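Peer 1: Pasting the sequence and the predicted model now:
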Amino acid sequence: MTHSPAIGTVHLVGAGPGDPDLLTLRAARLIMHAKLIVHDGLIEPAVLELAGPGARMISVAKRRAHHTMPQEDINALLVREALAGNDVVRLKGGDPFVFGRGGEEAEACHAAGVPVKIVPGISAAMGAAASAGIPLTHREDASIVTFVAGQCKGLTEQDWAGLAGKGRTLVIYMGVKTAPQIAEKLMADGLAPDVPVAVVENAARSDMRVLRTALAGLPDLVIRAKVKSPALIIIGDVTARENAALARVALEAMS
């Protein structure tokens, strides 16, 4: 009589903004003991190096306009491996439930009867702000923070009115390629052209850059500085604070 293998568990693991020291203890333990890791393309090599020598690695890297594997196929891969009896560490940059499509993957697993465990990570926004010394909230400047995706269908039709401005901080994921449309959209919605902006590239990594400008100058900055993903755009008065000392402290703590 043939017995079916026990169903494996899919662990949706947030790898944080890049620095392996910013992994949660649970994430680090799962990576170190993993037999199978399915990872995104932006995971730092130093994070993957924590895995044991026998771990099987599957990259499902995504880039703008070029997906190594469509999301539906990633979902199917996780389900297939788990149903074959394999525990899967699905490694995602930042937090799996913040623009990480972790919700879609969890739903696909649940629909197939595959157990899922969520391991949250430091989101890209939190990691970028901390490493740059930018407080996303500040008693004098902002008590509201909003996260939006700058790369999605129907961007121009979306209503962003009120997401940025006095007392607010707006964090834009995946906005490098659409920086001109983002700046135009926000100004058309009434945001002043001189609102301060920070662009944090490669947050919490050795090659991190923090670039500052005004909203109207955002498109030119992205082109002139040749900004590349991964990069976050932070808009609001908090970005204009002189936080060089805070940034040094944050980076020293990560080193």
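Peer 2: Everything's here; your move. Numbers count the residues shown, from 1 in each chain.
Peer 1: And the strands in the stretch 1-150 of the chain?
Peer 2: Under the criterion DSSP state E, counting those that start in this stretch, the stretch 1-150 of the chain contains strands at 10-14, 36-39, 56-59, 62-63, 66-67, 88-92, 116-119, 142-149.
Peer 1: Tell me which stretches of the stretch 151-255 of the chain form strands.
Peer 2: Listed in chain order, the strands found in the stretch 151-255 of the chain under DSSP E, counting those that start in this stretch are 167-173, 196-201, 209-214, 231-235.
Peer 1: State the distance from the nearest residue to Ala28 once chain neighbours are set aside to Pro20.
Peer 2: Setting aside the residues directly before and after it, Ala28 is nearest to Leu50 in space (CB to CB, 6 or more residues apart in numbering), at 6.3 Å. Every C-beta, even on glycine, is put in place using the N, C-alpha and C of the backbone. Computed with CB to CB, to the nearest Å, the distance linking Leu50 and Pro20 is 6 Å.
Peer 1: Comparing those two, which residue is more hemmed in?
Peer 2: For Leu50 versus Pro20, neighbours defined as other CB atoms under 10 Å are more numerous around Pro20 (20 against 17).
Peer 1: Show the contacting residues for the more buried one.
Peer 2: Ala28, Glu44, Ala46, Val47, Leu50 (CB atoms under 8 Å, 6 or more residues apart in numbering).
Peer 1: still on that earlier bit, what touches both of Leu50 and Pro20?
Peer 2: When CB under 8 Å, 6+ apart defines a contact, the residues bordering Leu50 and Pro20 alike are Ala28.
Peer 1: any idea of the mean pLDDT for stretch 37-55?
Peer 2: When pLDDT is averaged along stretch 37-55, the result is 94.
Peer 1: contacts for it?
Peer 2: Counting by CB under 8 Å, 6+ apart, stretch 37-55 makes contact with 15, 18-20, 23, 28, 31-36, 56-63, 68, 74, 77-78, 81, 88-93, 205, 229-230, all of which sit outside it.
Peer 1: pLDDT weak spots in the stretch 151-255 of the chain?
Peer 2: 152-154, 242-255 (pLDDT under 70).
Peer 1: re earlier: can I get the strands of the stretch 151-255 of the chain in JSON lines including mean neighbour count and distance to Val114?
Peer 2: What follows is the strands of the stretch 151-255 of the chain, written out as JSON lines (neighbours: other CB atoms under 10 Å; distance: least, CB to CB, whole Å):
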{"stretch": "strand 167-173", "mean neighbour count": "23", "distance to Val114": "28"}
{"stretch": "strand 196-201", "mean neighbour count": "24", "distance to Val114": "36"}
{"stretch": "strand 209-214", "mean neighbour count": "17", "distance to Val114": "40"}
{"stretch": "strand 231-235", "mean neighbour count": "26", "distance to Val114": "32"}
